[in-house]
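> turn this into a model:
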Amino acid sequence: MSKITPDPPVNPLYKHDKTSDRVFAHYNLPPLEPPEPYKLPESLYQIRTDVRSEESLTTAYELLESAAATAYESVENLSGTNRKVVLGVVRLIELAKALVDSALNKQVVEHS
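Sure thing, here's the model as predicted:
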């Protein structure tokens with residue numbers, strides 16, 4: 001059933017009291033105030049600050065090699081669209097490996 005008159009605009013400065021909290025809780029109504037914005041959780045992994053960039057790039061390269069090996073292994077058991085998607089992931093991994101390899105080669109030249 002539609003109402004003839006609209007609800008009045010919600011005033012962001014309006015604070016409800018404990019009685020209205022009980023009413024909202026009783027009828028399972030959402031609170032008047034907007035919920036807190038979702039905050040992304042902190043990363044599970046943290047990189048030490050004393051790690052040299054060459055070590056970071058080497059580790060990244062090794063991780064990409066592992067990811068490529070895993071993707072190649074799963075491609076053998078897939079067909080159709082799923083196979084194409086995983087091959088696309090392999091291609092992205094290979095591109096990332098090429099970028100990391102290029103950065104490592106530049107660092108070796110600079111240190112020599």
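> from here on, contacts and neighbour counts on C-alpha atoms
Fine.
> mean confidence score for the helix or strand containing Ile93?
If you go by DSSP states H and E, Ile93 is part of helix 80-111. For helix 80-111, the mean per-residue pLDDT is 86.
> now do the same end-to-end measure for stretch 37-57.
35 Å (C-alpha to C-alpha, to the nearest Å).
> likewise stretch 69-87?
Using C-alpha to C-alpha, one end of stretch 69-87 lies 12 Å from the other.
> how about it: buried residues?
71-72, 75, 83, 86-87 (16 or more other C-alpha atoms under 10 Å).
> now render the residues you listed as a markdown table, adding distance to Ala96.
Output for those, formatted as a markdown table (distance: C-alpha to C-alpha, whole Å):
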| residue | distance to Ala96 |
| --- | --- |
| Ala71 | 14 |
| Tyr72 | 16 |
| Val75 | 19 |
| Arg83 | 20 |
| Val86 | 15 |
| Leu87 | 14 |
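> could you point out which of these is nearest to Glu55?
Ala71 (24.3 Å; C-alpha to C-alpha).
> that closest one in helix, strand or coil?
Put simply, Ala71 is helix when judged by DSSP: H, G, I helix; E, B strand; the rest coil.
> show me what counts as buried in the helix holding Ile93.
Result for helix 80-111 [16+ other C-alpha under 10 Å]: buried residues 83, 86-87, 89-90, 93-94, 97, 100-101, 104.
> got those residues as JSON lines, with distance to Val51 columns?
Formatted as JSON lines, the buried residues of helix 80-111 follow (distance: C-alpha to C-alpha, whole Å):
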{"residue": "Arg83", "distance to Val51": "37"}
{"residue": "Val86", "distance to Val51": "32"}
{"residue": "Leu87", "distance to Val51": "33"}
{"residue": "Val89", "distance to Val51": "28"}
{"residue": "Val90", "distance to Val51": "28"}
{"residue": "Ile93", "distance to Val51": "23"}
{"residue": "Glu94", "distance to Val51": "24"}
{"residue": "Lys97", "distance to Val51": "20"}
{"residue": "Val100", "distance to Val51": "16"}
{"residue": "Asp101", "distance to Val51": "18"}
{"residue": "Leu104", "distance to Val51": "15"}
